[in-house]
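Novice: prediction below, plus the sequence it came from.
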Amino acid sequence: METPKLPKTLEVWQNTINWHPSESQQQRFQELYEIILIGNRQQNLTRITAPEDFWEKHLWDSLLGIAPLLKTDSTSIFEPNLPKNAKIIDVGTGAGFPGIPIAITNPHWNITLLDSTRKKIAFLARAIAKLQLQNTTTLLGRAEAIGQQSQHRENYDIAVIRAVGQPSVCAEYILPLVKVGGWGILYRGQWKEDDTLNLESALSKLGGKIKLIQPGKTPISQGIRHCIYIKKIIPTQSKYPRAVGIPHQQPLK
């Protein structure tokens, strides 16, 4: 049975994030889609498998958070001195989102895919090899433990997380990994004023500051999206992140 083709939707890309993939990038997106569909037969990677849904909720959504870096004709919130070979970590990557689409569109960046599930990391290693993504590596572990390791702590220019749980929990996972001057990007659905207050309180302890809360809608289903951009202002105190499980059990307030 032939694998369905992803929609090209170049006009939608351009109209929504002011960027569109090249022909080779579109081909790699299709290859990724096929790899995910095959992988889904062995393990539960994603329930989003219809072509349009996959395009919108995995590909488009993954690149929404870094759209300010993809634009070439407008001022970005990111400083122009972001290193060309920037180091990006995707925390809790799951089936590889948003990390793999980011890697495909930014071959000069170095992408690390972090997840605590060994089977998912094994799948991602195979996917990276099939896609020949030489700029991408996998990392098995919990964010709380990795954030205390010297080779990873405050080592990344950008940390992304497609947020699950409270904003303060996500911030405690990612901010210790980010260099001073770097960025944390939270991908969220709904966002309320209470979320902002909760996050600001946590960031006062973690060394970060909210720079932008960018609302939007998905282009096909009109689902609510928010991208929260956090600037790392000062080093994170050594007691953060706390031990495995504690951030989730006792979120910062």
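Specialist: Received the coordinates, thanks.
Novice: tell me the secondary structure at residue 114.
Specialist: Residue 114 falls in the strand class when you classify it by DSSP: H, G, I helix; E, B strand; the rest coil.
Novice: after the helix or strand of the chain with the lowest mean pLDDT, next one along is what?
Specialist: Lowest by mean pLDDT, DSSP states H and E among the helices and strands of the chain is helix 67-70, with a mean of 82. Counting by DSSP states H and E, the next helix or strand C-terminal to helix 67-70 is strand 87-91.
Novice: now the least confident helix or strand of the chain, how far from the chain's geometric center?
Specialist: Taking C-alpha atoms, centre = their mean, to the nearest Å, one finds the center of helix 67-70 at 13 Å from the center of the full chain.
Novice: all strands for this structure, in order.
Specialist: Ranges of strands in the chain, per DSSP state E, are 87-91, 110-115, 136-140, 156-162, 178-188, 208-217, 224-232.
Novice: mind listing residues that contact the least confident helix or strand of the chain?
Specialist: The contact list for helix 67-70, computed with C-beta atoms under 8 Å, 6 or more residues apart in numbering, reads 17-19, 63, 76-78, 82, 105-106, 227, 229. (Glycine included, C-beta is placed from N, CA and C.)
Novice: okay, buried residues for stretch 90-110 please.
Specialist: 90-106, 109-110 (16 or more other C-beta atoms under 10 Å).
Novice: need the pLDDT of residue 3.
Specialist: Model confidence at residue 3, given as pLDDT, is 79.
Novice: do residue 178 as well
Specialist: So residue 178 comes in at 98 (pLDDT).
Novice: touching, it and residue 232? I think so.
Specialist: Yes - Residue 178 lies in contact with residue 232 (C-beta atoms under 8 Å); the separation is 4.5 Å.
Novice: which neighbours do these two share?
Specialist: 154, 184, 208.
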